[in-house]
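Undergrad: Here is a sequence with its predicted model. Questions after.
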Amino acid sequence: MPETGPDLRIERPAETVPQLVVRRVRQAILEGTLSPGRRLTERELMELTGVSRTSIREAVLHLQTLGLVETSGRRGVRVAVLGSDDVRQLYEVRAALESEAASLFVKRATDTEVLELVKLMRPAETDNDQLASIYHFDELLLAGARNALLASTLAPLHARIHALRRLSLSIPGRRERSAQEYRDLVAAITDRDADRAAQLARLHVGAAKEAALAAIAKLEEERASGS
């Protein structure tokens, strides 16, 4: 009987080091730990993450592709700062795509997938809880819509949209209104009313756009005054 050699197979990690860096930096941006305009040098990112310069450079390129960071001359990169025009364009595209995603979800999702959305409607105690629920909602909606091209088109947009949500929820009353808009949308989905779901998704995105614009205007005013 031939002798069995040692098992030297290497388990492939679920994520590469640059992918891990992207996920950590993205999460820090979403949580507000890294605020818009915050400068990030390669050296600082190496110290914060404990990984090599090569991995940092690869991660930064991907973060730029997602629109989460932008070049800042010779001083490395900074967390992306979206202006009013950027926000308008972003939400115009989002309204068109998410309303279609809502309609397709109604037509194609299983009852189990619908129930998963219903479970997400439990009241959130904090902004972080609500943001986590919204993030999961977006993932479920795209999965249930069963349109790979739609999902791949929305994915990079969602990276920037999620970064804006914390700012939007800072507008007085927006958190409560947003939660109600999601409940109304889920009610239409539960009723399997595709047209109504698409309409409510578009209305929600419109309201979110106005909140984001108000938050951006406030941020720009604070920067201008030097506060």
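TA: Received the coordinates, thanks. Numbering: from 1, shown residues only.
Undergrad: C-alpha only now, for contacts and for neighbours.
TA: OK.
Undergrad: Now do stretch 37-47, average pLDDT.
TA: The predicted model assigns stretch 37-47 a mean pLDDT of 91.
Undergrad: Just the residues contacting it, thanks.
TA: Residues outside stretch 37-47 that contact it (Cα atoms under 8 Å, 6 or more residues apart in numbering): 52-53, 56-57, 72, 75-81.
Undergrad: Report the buried members of those.
TA: Among those, those scoring as buried are 56, 77-81 (criterion: 16 or more other Cα atoms under 10 Å).
Undergrad: Arrange those residues in TSV, one row each, with pLDDT as further columns.
TA: Rendered in TSV, the data for these read as follows (pLDDT from 0 to 100):
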residue	pLDDT
Ile56	93
Val77	91
Arg78	91
Val79	91
Ala80	88
Val81	83
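Undergrad: I'd like these written out as TSV, with distance to Ala143 and secondary structure added.
TA: Converted to TSV, these look like this (distance: Cα to Cα, whole Å; DSSP: H, G, I helix; E, B strand; the rest coil):
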residue	distance to Ala143	secondary structure
Ile56	31	helix
Val77	33	strand
Arg78	32	strand
Val79	29	strand
Ala80	28	coil
Val81	30	coil
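Undergrad: Show me which of those residues is closest to Gly144.
TA: Of all these, Ala80 has the smallest distance to Gly144: 30.6 Å, by Cα to Cα.
Undergrad: can you pull out the strands in this structure?
TA: Remark: strands assigned in the chain by DSSP state E are 39-40, 69-71, 77-79.
Undergrad: Partner strands of the second one, with direction?
TA: Yep, that's strand 69-71 we're talking about. When sheet partners are counted by DSSP bridges, strand 69-71 sits next to strand 77-79 (antiparallel).
Undergrad: what does the shortest one give?
TA: Based on DSSP bridges, the pairing partners of strand 39-40 within the sheet are strand 77-79 (antiparallel).
Undergrad: what's the partner strand in contact with?
TA: So strand 77-79 is contacted by 29, 34-41, 68-72 (Cα under 8 Å, 6+ apart).
Undergrad: re earlier: could the strands of the chain be laid out in TSV, adding distance to Lys209?
TA: Formatted as TSV, the strands of the chain follow (distance: least, Cα to Cα, whole Å):
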stretch	distance to Lys209
strand 39-40	26
strand 69-71	21
strand 77-79	20
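Undergrad: that older thread, distance to Lys107 for the contacts of strand 77-79 - can I get that in JSON lines?
TA: Output for the contacts of strand 77-79, formatted as JSON lines (distance: Cα to Cα, whole Å):
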{"residue": "Ile29", "distance to Lys107": "34"}
{"residue": "Leu34", "distance to Lys107": "39"}
{"residue": "Ser35", "distance to Lys107": "39"}
{"residue": "Pro36", "distance to Lys107": "38"}
{"residue": "Gly37", "distance to Lys107": "41"}
{"residue": "Arg38", "distance to Lys107": "43"}
{"residue": "Arg39", "distance to Lys107": "45"}
{"residue": "Leu40", "distance to Lys107": "44"}
{"residue": "Thr41", "distance to Lys107": "47"}
{"residue": "Leu68", "distance to Lys107": "33"}
{"residue": "Val69", "distance to Lys107": "37"}
{"residue": "Glu70", "distance to Lys107": "39"}
{"residue": "Thr71", "distance to Lys107": "42"}
{"residue": "Ser72", "distance to Lys107": "45"}
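Undergrad: and for stretch 178-198, what are the contacting residues?
TA: Residues outside stretch 178-198 that contact it (Cα under 8 Å, 6+ apart): 98-107, 114, 117-118, 121, 200-201, 204, 208.
Undergrad: Noted, bye for now.
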